[in-house]
Each structure stands twice: as structure tokens, then as C-alpha cells.
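[1] quick one, what's the 3D model for this:
(2 chains)
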Amino acid sequence: MKERGLLWLLFALLLILPPFLDEYLRHLLVSSLTLALLAVGWNLLGGFAGQVSFGHAAFFGLGAYGAGILSKAGLDPWLALFLGGGVAFLGSVVALPILRLHGAYFALAMLAYAEVLRTLAILLEGLTGGAAGLFSIPGLYLPGVDFGAKLANLYVILGLLLVGVGVAFRVRYGPLGLGLAALGEEEAARAGGVPVFRLKAQALFLSAFFSGLAGAFQALYIRFLEPPYAFSLEWSVYPLVASFLGGRGTVVGPILGTLGLYLGAELGVKQVLERGYHIATGALVVLVVLFLRRGVFGFLEGRYAVVRPRG
Amino acid sequence: MMELFLNALASGLAQGGIYALIGVGLALIFGAMHVVNLAHGEVLVAGALLAYLLAGAGLPLWGAILLGGGLGGLLGLGLYGLLLPVRREPPISSMVLTYGVALVILYGLVEAFGTDLRNLTYPAWVRPVHLGPIRLALGEIITLGMALLAVGGVAWFLKQSWPGLAVRALTQNREAAMALGISPLAAEALAFALGSALAGLAGALLVVVQPIAPMAAPLFTVKAFVVVVLAGLTSPLGVALAGLLLGAVEGLSALVNPAWGELVAFLTFVLMLLFRPQGLFGRRR
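    Numbering: from 1, shown residues only, chains lettered A, B, ... in the order given. Next comes the predicted model:
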């Protein structure tokens, strides 16, 4: 399994490099790793299970508000972090009926679900602070560690990402991944005795939990939330685009896609054109859909034996 | 109180005319090609900005509005060309592709025009007109009229003309239509161009009555989808009715808190997809 080697290399780099970077680069890494965790979560459903969602902002936002509200209510922030993922999981239980829909209908219904939650976050003022937002959320802490600096946050999100990747790896190469791979031909899978809905539901639960975890971390990191931010379309689209670029349905693809897209935009394109990176992203998406259907890493896997997954 | 209610309803209906236009356009595109076009709102904004520029440069208003629609049609044709290679792929591919195009158009417009709100203001158009207790700007009445006229025109075109019949035949039964010698490429291109032209026209009409900025584009895309899902794939008149309905709901909810209107719209959207995918006016096929 060549993907495992690549993953170890990537994590080793991310572990060793940060102390040598300046505060700005560390901040970029924290943001991109948060997005990477979101993408890993998205990919559990959109990649392995083939249910492309346009509404993962729903889970990201639920995780963010879950962690934010609980932490502000006096709960230990570390507990709030994981309960944030739990809130997103509950949100995915509510979203279960949407799994009945297929293809574009599923994608659109998820988009609308995220919008419903955004308006609810505005309307439920007593709980969420409404349109004004949720201020001064108590952030993560450890005795003797400065969480005002980026480095501590960076290692926390790296740890969370490692957990997410571990699960994604187990899914891809384990029995669940095998079952999910059969969903490409859903009717045939059902006829063959594959419990289609149960597998899809499992993928949705895991996906929602890790996307929510990303949101929860973000809430405790920036310590401020408002509905248009927490449920922004950006959180729905970024993991999708990154996964399509990197390789939907691989473990490392969404991470490489996110890092490439985010760091490429921040360090490269944005220096030239302030908003131009969106144009470049759009053009890249078009090119990938037209010419590189399986994404960069998916393409390499299909082409070169060195990185091929099985056998 | 009654007066307030009626006024909110009336301006909601005026906005609903715009929703009717983009809804009918989107339904044409989706019906003919089963493509979920996420660039629809961007086409609207492009039409709006072109009309704004041309009218500002001294072109008569009606010309500027028509050319805004024309630009929409051209963009639709370009989008159709891009989609041709992926037409046999799963629908999600074409959906993601149109999202890429939407990003390019949206931020291309932002680079060129900035994020400012644009509005054509004609003193004659903002003059209030009294219809009993209801007060509307003249421009709102004119745009609503033109929007309904355009929808009627499309309905007529689909029902009475040969190219229109070809588009409808393809929507209803693709294989049978092809067996009869209808070229799917030509009919699809026509549907795409016409549908996008309606979006461009909607934008050009909108810029006369209210300020519009490029960043509003995704919201219009979503609204168009709400309308189409609400109506189901029916006649343009059914879709137009759903557009007016959405406008009315939004207008009335603005009296309390606009977020309620959005909540109702999106919740309806999910519930319709789940429990009544044929829409309010459609029949199950």
C-alpha cells in the first residue's frame, strides 16, 4: 500500500517543519489543515460513498456552534471540541432522509439543508446570539502552553487530522470501503445483498463527525462565530473542489488538494491578483472535470504502479 | 395594517416576476439536458452589468435591456459548448463544471467592476403609482409586466413553434424524439441559450429597479432552484406561478424578519425534494 508511505511522509513533514516557520506561515498552515480535515470528512461521503454533497457547511457550522456554545457555557473546551463533532453527528441523523436522493438532487438538498441551518442560527437568538454572533468563546488551553501562539494550535489540528486520516484509511482499505465501492452500481449492489442504505448512513455519520470537528476547532481557534460565516457556502465548496482536484476517493488526495489550493492561492496567485485566485480556482475546476476525472492523485494511482493501492 | 400587508405583497410579487424569469430559464436548461446549472445567477449578474454599462453610455434603455438578455444567451451557448464533452458523465460532473464556470464569471466580474452595488436610476421609474391602497414604483410594475410577457413568449414559443416543439419533445422522451429525427444537439443548444437569455434579461430588468452587486449571484442561482423544485418540471406558466409565490412569501416575511422567508423557502425546498419531487404543479411520471 503505497498511499500509506505518502501519508507518513506528509505527516512527518508537517510535524518537523512548523518550528522553523514564521508566525504567518504557521497561521496559513493552521487554516489549511482545518480545511484539510473538513475535506477528509467530506471525502468519506463524497469520495468513498460517491454521494457528492454541496452542503457540508451544515456539519461544519453545527460543529462550530456546538463547540462555541458549550465552551461559552463553561464546559471544558477540549470536551466542547469533541462534543462539537457530536452535534454535527446529530445533525447528520436529521439529514438521513436526504440520503434517499441521488446525484444532483442529493447535492442540492444538502445545500438547502445548510441554508436552513444558517437561517435557524439567525432566528434562534437565545441559543446562538442571532445575527450579532457569538463573541469571546473560551479557546483551548493547557497548563504551560501558549494557545495565543499559532504553534500549539497547529499541533492540535494536526493531531485531529491524523485521527481523521486514520479513519479514512481504515474505511478505504477495510470492509466498509469495499462495500462503499460497490455503491457505484447501487441497484446491482442491493441485488447482491449489500446493505446499501446502512453503508451510506455510516459514511454520512463519520463524514459529519469529522467535518463538525473541523468546525469545532475553527470556532475555538478564532473564538468568534456568526451565522453567515459558520454556515458559509465556502465550507461546502472548498472540500468538494479540493477533493476533485486531489483525487476523490483516495485518502491523501483531499489533503494534497487542500494544501495545494490554499497555499497556492495565499502564497502565489493572491500576490498577483487580489481576488483572482477564485478565477484560477474556477478554471482549475473546469479543467479537472474535463481532463482529469479522478483528480491528480487518482490519476497517478491509475497510471503508475509505484503508487497503485491494492495488489 | 392591511395597507402594509398589501404593499409588502405587491413588492414581493414584483420581485417574484424576476424569480419567474430565472426559474423558467433554469427549468428549460434542466429539462432539456438534465444539467444542474450553478452559473445561472452569474449569467443574471453579467446581463445586469452589461445593461448598466450600455444604458450609462447613452444607449436607449430598451436596447440595453435586450442586449443584456443577448449576452445571457451567448454565455449560455459557451457553457453548453463546455458541457458537451461531459454529457455522458454522471450529472454531478456537469454540476461541478458549471460551478467552476460560475466562479470564473463571478470573480471575473468582480475584478472588472468591483463589489459595488450598481443601479440605473431614472426619476420617472421610481415615481410611485397608486393602485387603490397599493403603492408601487412605476419601474416595478414595468419590470413585472415585461417579465410576465417574456414568460408568456417562451410558453408560446415552446407550444407553437417547431424548434420549441423539438425542445419539449426532447424533454419528454429523449429516445423517441431522436428516433423522429430531432437533433438533440441543436435543441439542447437552443434550450441552453434561451434559458440563459432569460437570466440575462432578468438581470437587465433588475438593475433598473434595485441595486445589484456581483456577489448576489449565488443567491439568485439558489432562488432559481427553489422555484424550479417548487414548481416541478411543468409548463413555463407553472414555473412562473411558483416564482411569484416565492416572491410573495419573501415579501410578506420581510414584514417580520427576512430570515423567516428564507427559512420557509429552503425548508420547502428540502421537503419538496423528499416528498413531492414532481413539484406542486407537476404530475408524477
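[2] who's in contact with residue A:106?
    A:51, A:52, A:53, A:98, A:99 (C-beta atoms under 8 Å, 6 or more residues apart in numbering or on different chains). C-beta coordinates here come from the backbone N, C-alpha and C atoms, glycine included.
[3] which bits of chain A sit near chain B?
    Residues of chain A that fall close to chain B, judged by C-beta under 8 Å from any C-beta of the partner chain: A:52, A:97-98, A:100-101, A:103-105, A:107-109, A:111-113, A:115-116, A:119-120, A:122-123, A:131, A:233, A:237, A:240-241, A:244, A:273, A:275-276, A:278-279, A:281-286, A:289-290, A:293.
[4] ok, of the residues you listed, which come out buried?
    A:52, A:98, A:101, A:103-105, A:107-109, A:111-113, A:115-116, A:119-120, A:122-123, A:233, A:237, A:240-241, A:244, A:276, A:278-279, A:281-282, A:284-286, A:289-290 (16 or more other C-beta atoms under 10 Å in any protein chain shown).
[5] keep only those of the residues of chain A next to chain B that are in helices.
    A:103-105, A:107-109, A:111-113, A:115-116, A:119-120, A:122-123, A:233, A:237, A:240-241, A:244, A:276, A:278-279, A:281-286, A:289-290 (DSSP state H).
[6] what does the helix or strand bottoming out on mean pLDDT in chain B contact?
    When the helices and strands of chain B are compared on mean pLDDT, DSSP states H and E, helix B:123-126 comes out lowest with a mean of 72. Contacting residues not belonging to helix B:123-126 are listed as B:137, B:138, B:139, B:142, B:208, B:209 [C-beta under 8 Å, 6+ apart].
[7] return the helix or strand in chain A with minimum mean pLDDT.
    For chain A, judged by mean pLDDT, DSSP H and E, that is helix A:270-272, with a mean of 73.
[8] that older thread, the least confident helix or strand of chain B: which residues count as buried?
    residue B:125.
[9] alpha carbons only: can I get it in PDB?
    Extracted as PDB, the C-alpha positions of helix B:123-126 are listed here (Å, rounded to 0.1, in the frame of the first residue of the first chain):
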ATOM      1  CA  PRO B 123     -36.600  59.600 -11.900                       C
ATOM      2  CA  ALA B 124     -39.600  58.600 -14.000                       C
ATOM      3  CA  TRP B 125     -39.200  54.900 -13.000                       C
ATOM      4  CA  VAL B 126     -39.100  55.400  -9.200                       C
END
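[10] gap between that helix and the chain center?
    24 Å (C-alpha atoms, centre = their mean, to the nearest Å).
[11] before we move on, what about stretch A:92-108?
    For stretch A:92-108, the distance to the chain centre is 18 Å (C-alpha atoms, centre = their mean).
[12] can I get it in CSV? Just the C-alpha atoms.
    Only the C-alpha atoms of stretch A:92-108 are listed here, as CSV (Å, rounded to 0.1, in the frame of the first residue of the first chain):
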residue,chain,number,x,y,z
SER,A,92,-26.5,14.1,10.2
VAL,A,93,-29.1,11.9,11.8
VAL,A,94,-31.6,14.6,11.0
ALA,A,95,-30.3,14.6,7.4
LEU,A,96,-30.6,10.9,7.0
PRO,A,97,-33.8,11.1,4.8
ILE,A,98,-31.8,13.1,2.3
LEU,A,99,-29.7,10.0,1.6
ARG,A,100,-32.7,8.7,-0.3
LEU,A,101,-32.0,11.2,-3.0
HIS,A,102,-29.3,10.6,-5.7
GLY,A,103,-26.8,12.6,-7.6
ALA,A,104,-27.6,16.2,-8.2
TYR,A,105,-30.8,16.0,-6.1
PHE,A,106,-28.8,14.9,-3.1
ALA,A,107,-26.2,17.7,-3.6
LEU,A,108,-28.9,20.3,-3.9
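[13] returning to that earlier point: narrow the contacts of helix B:123-126 to those that are buried.
    B:137, B:139, B:142, B:208, B:209.
[14] what about whichever residue of the stretch 101-250 of chain B sits closest to chain A, how many neighbours?
    Closest contact between the stretch 101-250 of chain B and chain A, by C-beta to the nearest C-beta, is at residue B:103 (2.9 Å). Neighbour count for residue B:103, taken as other C-beta atoms under 10 Å in any protein chain shown: 26.
[15] that one sits in which helix or strand?
    helix B:91-113 (DSSP states H and E).
[16] residues in contact with residue A:153?
    A:30, A:140, A:147, A:221.
[17] for burial, what's the neighbour tally of residue B:35?
    By the criterion of other C-beta under 10 Å, residue B:35 has 25 neighbours.
[18] how near is the most centrally placed residue in chain B to residue A:283?
    Geometric centre of chain B, nearest residue: residue B:22, 0.7 Å, by C-alpha atoms, centre = their mean. Note on residue B:22: its distance to residue A:283, by C-beta to C-beta, to the nearest Å, is 25 Å.
[19] what's the neighbour count on residue A:60?
    Residue A:60 has 36 neighbours, counted by other C-beta under 10 Å.
[20] check residue A:141 too.
    14.
[21] what's the distance between it and chain B?
    As for residue A:141, its distance to chain B is 35 Å (criterion: C-beta to the nearest C-beta, to the nearest Å).
[22] for chain B, which helix is longest?
    helix B:2-33.
[23] whatever helix or strand comes next after that one - what's its average pLDDT?
    Later in the chain than helix B:2-33, the nearest helix or strand by DSSP H and E is helix B:40-56. Across helix B:40-56, pLDDT averages out at 93.
[24] now for helix B:40-56, which elements pack on it?
    Under the contact criterion of 3 or more C-beta pairs under 8 Å, 6 or more residues apart in numbering or on different chains; DSSP states H and E, helix B:40-56 touches helix B:2-33, helix B:61-83, helix B:91-113, helix B:184-209, helix B:217-231.
[25] give the buried residues for it.
    So, applying 16+ other C-beta under 10 Å, buried residues of helix B:40-56: B:40-55.
[26] out of those, who's nearest chain A?
    residue B:42 (10.1 Å).
[27] the closest one contacts residue B:217, correct?
    Yes. Counting by C-beta atoms under 8 Å, residue B:42 touches residue B:217, with 4.5 Å between them.
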